[in-house]
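J.: generate coordinates for the sequence data below:
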Amino acid sequence: MSKLDTPLAKIAIPLLVFVAIFGGWRGVQYFQRATATLPDAQPSDGACTLWFVGSSSIHRWTSLDRDMAPWKVHNRGINSATLADIIPRFRNIRPAREGRPQAIILYVGENDIAGGVPVRTVVRELARLLDLRTRLLGDVPVLLLSAKPSPGRAAFLPDQRLFNLAAQRLIPHAPNVHYVDITTPLLVNGRMGDNYQPDGVHMNPQGYRIWAKVVRARLKDILPAATVNRCAPGS
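T.: You can find the predicted model right below:
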């Protein structure tokens, strides 16, 4: 009997084939994770570019081009992303190819909190992301949007408030990072207004127009007047 015809060989050979295929697939997945970057990695087209980075609240901002015109915007949001998804992709930014924006508008933390991640951990991961910004992009301004209230995640409002407070305490220790309150404008007499899609979590066009108005105002406060006048005259 050939050694390949033994009962052990008949079991071992398919097992080795399975291990090789599975190991190869895991290797492909690891490579994809290790090399993945944020969406819209095209070179920044000029000096009036803004990067919008974050989770699905950024990713689903389909009217971003119109809402922020004439700024040139890159929607670099990832659907359903947590900081654990965003940080490795941010680490793969290549400024020499992608350029440097005038500012980064950042929305993170909501999905982490909804997934049960403790607020202190979310803030620690936010600090890691801001440190990455400094190492990769220098002092490019970051506008950190507050965690928004939403009817579908009302149970997480206390933790969102803690996150917003902790983020404001963190910001003075991070160069050129600015807090942007999008929470208050979404409230009507202290209650959540009609600014949400039917899922009760994501913004509808009216909600995004509120975001755009607030972001424009903060850009005007933060960036040099000459930059704002050149990139968004009349703002």
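
J.: surely residue 70 touches residue 234?
T.: No - here residue 70 does not reach residue 234: they are 9.2 Å apart, not a contact under Cβ atoms under 8 Å. For the C-beta atoms, the positions are set from N, CA and C on the backbone; glycine is no exception.

J.: between these two, which is the more surrounded one?
T.: residue 70 (11 against 6; other Cβ atoms under 10 Å).

J.: got the phi/psi numbers for the more buried one?
T.: Torsion angles at residue 70 (phi, psi; degrees, to the nearest 10) stand at phi -90, psi 10.

J.: and it, what pLDDT?
T.: Note on residue 70: pLDDT of 96.

J.: please name the residues that touch it.
T.: 48, 231-233 (Cβ atoms under 8 Å, 6 or more residues apart in numbering).

J.: nearest residue to residue 231 in space, please, no chain neighbours.
T.: Leaving aside its sequence neighbours, residue 231 sits nearest to residue 48 (Cβ to Cβ, 6 or more residues apart in numbering; 3.5 Å).

J.: which residues touch the one you found?
T.: 70-72, 102, 227, 230-232.

J.: would you mind measuring from it to residue 184?
T.: Spatial separation of residue 48 from residue 184 under the definition Cβ to Cβ, to the nearest Å is 28 Å.

J.: just residue 219 next, same as before
T.: For residue 219 relative to residue 184 (Cβ to Cβ), the value is 18 Å.

J.: more neighbours: those two, which one.
T.: Between residue 219 and residue 184, counted using other Cβ under 10 Å, residue 219 has the larger neighbour count: 24 against 10.

J.: gap between the more buried one and residue 161?
T.: 25 Å.

J.: I figured residue 58 hits residue 107, correct?
T.: Yes - at 5.2 Å, residue 58 and residue 107 qualify as touching, with contact defined as Cβ under 8 Å.

J.: next, count neighbours for the closest residue to residue 81 other than its chain neighbours.
T.: Computed as Cβ to Cβ, 6+ apart, the closest residue to residue 81 that is not its neighbour in sequence is residue 55, at 4.4 Å. Residue 55: 22 surrounding residues under other Cβ under 10 Å.

J.: show me the contacts for residue 55.
T.: With Cβ under 8 Å, 6+ apart, residue 55 has these contacts: 77-82, 86, 107-108, 110-111.

J.: what subset of those is buried?
T.: Neighbour-count burial (16 or more other Cβ atoms under 10 Å) applied to the contacts of residue 55 gives 77-78, 81-82, 86, 107-108, 110-111.

J.: possible to save those as TSV with pLDDT, distance to residue 140 and secondary structure?
T.: Shown next, in TSV, are the buried ones among the contacts of residue 55 (pLDDT from 0 to 100; distance: Cβ to Cβ, whole Å; DSSP: H, G, I helix; E, B strand; the rest coil):
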residue	pLDDT	distance to residue 140	secondary structure
77	97	18	strand
78	97	19	coil
81	97	20	coil
82	97	23	coil
86	97	16	helix
107	98	16	strand
108	98	16	coil
110	97	23	helix
111	97	24	helix
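
J.: what's in contact with stretch 125-143?
T.: With Cβ under 8 Å, 6+ apart, stretch 125-143 has contacts from 83-84, 86-87, 90-91, 93, 95, 100-106, 108-109, 112, 144, 167, 170, 174-178, 180, 215, 218-219, 222-223.

J.: kindly recompute the last result at 6 Å.
T.: Applying Cβ atoms under 6 Å, 6 or more residues apart in numbering, the contact partners of stretch 125-143 are 83, 87, 90-91, 93, 100, 103-106, 174-178, 180, 218, 222.
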